[in-house]
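S.K.: coords below, sequence missing:
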Ligand code: MLT
């Protein structure tokens, strides 16, 4: 299998299978929400779009953040632990970097999976189960820039996948190997520093725990410009 890594969202690599990675916190939070009983997550790029969808949907809850802060009028922010006791079947979700990349990936890859450390082994297994010979790991980064936390996770996934690892994958693997633990890798990132500033350090710890969830969120369809994700 050819394995490549898009280090930033402006690397528009395409492959039949794409794995979107925003480990701190969007893809971890979506994984936690679906593992906990939410039936679907509708991801939007824009806040206004999320509000409009929520109005149409009725039985749903709004969640998300801008620059680590809960969006005004939304019930929940972007901490995985806010989603462990579902309050509706549908979560309408919008974040700064993760959900826009998901929508963009959904427009250019046939299969889009969401990557996290929380479901690391399950993600690797899900990529293999697609039977693809070409995968791209897509890092959300921070405001268009490379973010160490996402590249760390891409390196961990790439290393487990093995196969025809291209230089973009090797760079991620070498970065991942330079940290003694996943917590160290996540703490070293801009996303980690942003959460520290927001007083949300416990989320970094939660996002760094490996393979305690056995599910992999998968993109199902576009609803206008929003992306619906389920298990
Ligand atoms: C994002 O999508 O930009 C991140 O998930 C931000 C955050 O950690 O809240």
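M.R.: On my side now, so go ahead. The shown structure was predicted, so the numbers you read here are calculated from the model rather than taken from an experiment.
S.K.: who in this protein is up against the ligand?
M.R.: Residues of the chain found near the ligand (C-beta under 6 Å from any ligand atom) are 22, 24, 25, 26, 65, 68, 78, 95, 96, 97, 98, 191. Placement of C-beta: from N, CA and C, glycine included.
S.K.: give me the lowest-pLDDT entry from the residues you listed.
M.R.: Minimum pLDDT for the residues of the chain next to the ligand is recorded at residue 68 (92).
S.K.: find the residue at the geometric middle of the protein.
M.R.: residue 27 (2.4 Å; C-alpha atoms, centre = their mean).
S.K.: for that residue, give me its contacts.
M.R.: 20, 21, 98, 102, 114, 115, 116, 140, 217 (C-beta atoms under 8 Å, 6 or more residues apart in numbering).
S.K.: the nearest residue to it once chain neighbours are set aside: neighbour count?
M.R.: Leaving aside its sequence neighbours, residue 27 sits nearest to residue 114 (C-beta to C-beta, 6 or more residues apart in numbering; 4.4 Å). For residue 114, the count of nearby residues is 30 (other C-beta atoms under 10 Å).
S.K.: how close does the nearest residue to residue 85 once chain neighbours are set aside get to residue 65?
M.R.: Of all residues not flanking residue 85 in the chain, residue 36 sits nearest, at 7.0 Å (C-beta to C-beta, 6+ apart). Here residue 36 is placed at a distance of 19 Å from residue 65 (C-beta to C-beta, to the nearest Å).
S.K.: over to residue 178?
M.R.: To residue 65, residue 178 is 29 Å away according to C-beta to C-beta.
S.K.: okay, the two: which has more neighbours?
M.R.: Taking neighbours as other C-beta under 10 Å, residue 178 and residue 65 compare with residue 65 leading, 23 against 13.
S.K.: next SSE after the longest helix along the chain?
M.R.: Counting residues, the longest helix found in the chain (DSSP state H) is helix 148-161. Next along the chain after helix 148-161, taking DSSP states H and E as the criterion, comes strand 164-165.
S.K.: following element in sequence after that next one, please.
M.R.: Next along from strand 164-165, by DSSP H and E: helix 167-177.
S.K.: for that next one, name the packing helices and strands.
M.R.: The contact analysis (3 or more C-beta pairs under 8 Å, 6 or more residues apart in numbering; DSSP states H and E) places helix 167-177 against strand 2-6, helix 148-161.
S.K.: what about residue 76, how many neighbours?
M.R.: Taking other C-beta under 10 Å as the criterion, the count of residues near residue 76 is 20.
S.K.: ignore the last one, residue 170
M.R.: 15.
S.K.: can you pull the contacts of it?
M.R.: Applying C-beta under 8 Å, 6+ apart, no residues contact residue 170.
S.K.: distance of it from residue 212?
M.R.: Counting by C-beta to C-beta - residue 170 and residue 212 are separated by 28 Å.
S.K.: what comes up buried for stretch 193-212?
M.R.: Neighbour-count burial for stretch 193-212 flags 194, 195, 200, 203, 204, 206, 207, 208, 209, 210 (criterion: 16 or more other C-beta atoms under 10 Å).
S.K.: hmm, who's touching that stretch?
M.R.: Under C-beta under 8 Å, 6+ apart, the answer for stretch 193-212 is 23-25, 28, 67-69, 79-81, 116-122, 142, 149, 181-183, 185-187, 192.
S.K.: which of those are buried?
M.R.: Buried members of the contacts of stretch 193-212, counted by 16+ other C-beta under 10 Å: 23-25, 28, 68, 79-80, 116-120, 122, 142, 149, 182-183, 185-187, 192.
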